[in-house]
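*Asks:* need coordinates for the below:
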Amino acid sequence: MSFLDLLLVVISSAGLLHGILFACHLIAFKKKKTLTNRILGLILIFMAFRIGKSVMLNFGDGLEPIFIFIGLAFLLLIGPLFRWYILGMTRADFKLPKYYFLELIPFAFIFIASLFVTKEWYENSKLVIIIFGSGLVFIYLHLAFYIALGLWILKNTKKQYQQGLQTKSQKAIFNWLHLLSIGFAVIWMTYVLNILDETVPYIVGPILYSVIIYFLSYKAYQLKATDLDGDVFKANDNNLLFDEISKLITDTKLYLEPDLSLVKLSKLLGKSSQITSSVINQYAKRNFNDFINYYRVQEAKKLLSSKEGDKYTISSIAFDTGFSSLSSFNSAFKKFEGVTPSRYRKDKI
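*Replies:* Residues are numbered from 1 along each chain as shown. Next up, the predicted model:
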């Protein structure tokens, strides 16, 4: 074995070992033993079998056919587990229904059939190319289907949560799942290109896996993804309270009142000022004053750009939209729109 081959073995094996250790940490040693962490751990372990087969096939001599078929069979586990993981990370109180395990039937069939593969049959039977080729196409299309399904679930879930109303934990989960999906798609594409006239050298798959698993491990730590699950999407009281605040502010145009304060708003809601302020900060990503001033500026923009508003001075518009002074109006308007009210009016004429 040349030095280059030895280096490639070390690089690909290092990623393989890292993936297994990460999986063991998630399943056995992680303090927060969640269903999603166990599923992710299983994905990494089964992927390790697949990658390990690739390393042995590329550098080993005379690898038994049974290991080739079993290695491919494990890809039929990764797809369903990937879907379950995304569901678990985006659904509150997620449980695995028993009928989900029916998705593992293709794996069971291929795995059991692999146990009967002999070296003599693999090397001498004329049916090998047809069976092996058909199985390979089915296995890779099976994984592609589940990767696409996972992305579809992720996309639909994001639609339910507006960007501005997502909590920090929800954003972290969306970012993490997006990166995980891309990583799996890249690995899948590499192996498919390898099949198609060896466009990509076979060893690229294990090496790329090593790079991706190190990157994903880092992002999981950075985003604290292994400390999160679908419970962050529970409809909690804070979410409902923010909806109530937004409805009260917009439906009654409460923001037009110049004496509106956090204390007054909290009394109308029957909540403490601390809770009201915390909820506005969490979901609006603004403090109370900026939250109210934003609505006031939007109202002022309507007057500044309308023909009816031409008869009003900047000062009158400022007071009519709830600002207590012209200076505070100018400051708030420039903060949200990037220009002064007078400049905005000129640009709209």
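*Asks:* now the helices for the stretch 201-349 of the chain?
*Replies:* 204-223, 237-251, 262-269, 273-284, 288-304, 314-320, 326-337, 341-348 (DSSP state H, counting those that start in this stretch).
*Asks:* could you redo these as TSV and give each row mean neighbour count?
*Replies:* The C-beta positions use only the backbone N, C-alpha and C, and glycine is treated the same way. TSV is the format used below for the helices of the stretch 201-349 of the chain (neighbours: other CB atoms under 10 Å):
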stretch	mean neighbour count
helix 204-223	18
helix 237-251	14
helix 262-269	16
helix 273-284	17
helix 288-304	20
helix 314-320	17
helix 326-337	17
helix 341-348	15
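*Asks:* dump these into a markdown table; add distance to Ser134 and mean pLDDT as well.
*Replies:* Shown next, in a markdown table, are these (distance: least, CB to CB, whole Å; pLDDT from 0 to 100):
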| stretch | distance to Ser134 | mean pLDDT |
| --- | --- | --- |
| helix 204-223 | 21 | 86 |
| helix 237-251 | 50 | 86 |
| helix 262-269 | 64 | 92 |
| helix 273-284 | 52 | 87 |
| helix 288-304 | 60 | 92 |
| helix 314-320 | 72 | 90 |
| helix 326-337 | 61 | 92 |
| helix 341-348 | 65 | 83 |
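*Asks:* off-centre distance for the one helix or strand Ile131 maps to?
*Replies:* Using DSSP states H and E, Ile131 maps to helix 128-160. Distance, stretch centre to chain centre, for helix 128-160: 18 Å (CA atoms, centre = their mean, to the nearest Å).
*Asks:* same question for stretch 158-176.
*Replies:* 8 Å.
*Asks:* tell me the buried residues in that stretch?
*Replies:* Lys158, Tyr161, Gln166, Thr167, Ser169, Gln170, Ala172, Ile173, Phe174, Trp176 (16 or more other CB atoms under 10 Å).
*Asks:* just the pLDDT for the fifth one.
*Replies:* Think Ser169. At Ser169, the model reports a pLDDT of 86.
*Asks:* picking that back up, quick check: what element follows the helix holding Ile131 along the chain?
*Replies:* Following helix 128-160 in sequence order, the next helix or strand is helix 168-195 (DSSP H and E).
*Asks:* before we move on, back to that, now do the helix holding Ile131 against helix 168-195, angle only.
*Replies:* Per axes from the mean of the first three to the mean of the last three CA atoms, to 10 degrees, the angle that helix 128-160 makes with helix 168-195 is 160 degrees.
*Asks:* pLDDT averaged over helix 128-160 - what is it?
*Replies:* 89.
*Asks:* what comes up buried for it?
*Replies:* Here helix 128-160 shows 132, 135, 139-140, 142-144, 146-147, 150-151, 153-154, 157-158 as buried, counting by 16+ other CB under 10 Å.
*Asks:* likewise for stretch 225-239?
*Replies:* Under the neighbour-count criterion of 16+ other CB under 10 Å, stretch 225-239 has Ala225, Thr226, Leu228, Asp229, Gly230, Asp231, Val232, Phe233, Asn239 buried.
*Asks:* just the helices in the stretch 1-150 of the chain please.
*Replies:* Using DSSP H, counting those that start in this stretch, helices in the stretch 1-150 of the chain cover 3-24, 35-59, 65-73, 75-90, 105-114, 119-124, 128-160.
*Asks:* deepest of the ones you listed, which one?
*Replies:* By mean neighbour count, with neighbours taken as mean count of other CB atoms under 10 Å, helix 75-90 ranks first of those at a mean of 23.
*Asks:* pull that one out as PDB, backbone CA atoms only.
*Replies:* Extracted C-alpha coordinates of helix 75-90, given in PDB (Å, rounded to 0.1, in the frame of the first residue of the first chain):
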ATOM      1  CA  LEU A  75     -28.800   2.500   3.300                       C
ATOM      2  CA  LEU A  76     -32.400   1.400   3.400                       C
ATOM      3  CA  LEU A  77     -32.400   2.100   7.100                       C
ATOM      4  CA  ILE A  78     -31.000   5.600   6.900                       C
ATOM      5  CA  GLY A  79     -33.800   7.000   4.800                       C
ATOM      6  CA  PRO A  80     -36.700   6.200   7.200                       C
ATOM      7  CA  LEU A  81     -34.600   7.200  10.200                       C
ATOM      8  CA  PHE A  82     -33.800  10.500   8.500                       C
ATOM      9  CA  ARG A  83     -37.500  11.200   8.000                       C
ATOM     10  CA  TRP A  84     -38.300  10.200  11.600                       C
ATOM     11  CA  TYR A  85     -35.500  12.400  12.900                       C
ATOM     12  CA  ILE A  86     -36.900  15.500  11.000                       C
ATOM     13  CA  LEU A  87     -40.400  14.800  12.300                       C
ATOM     14  CA  GLY A  88     -39.000  14.400  15.900                       C
ATOM     15  CA  MET A  89     -37.200  17.700  15.600                       C
ATOM     16  CA  THR A  90     -40.200  19.600  14.200                       C
END
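*Asks:* just to revisit the earlier point, now the buried residues of stretch 158-176 as CSV including distance to Ala318?
*Replies:* CSV is the format used below for those (distance: CB to CB, whole Å):
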residue, distance to Ala318
Lys158, 38
Tyr161, 35
Gln166, 33
Thr167, 34
Ser169, 39
Gln170, 37
Ala172, 40
Ile173, 42
Phe174, 39
Trp176, 45
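*Asks:* and which of those is nearest to Tyr312?
*Replies:* Distances from these to Tyr312 were compared by CB to CB; the smallest belongs to Gln166, at 37.7 Å.
*Asks:* alright, that wraps it up for me.
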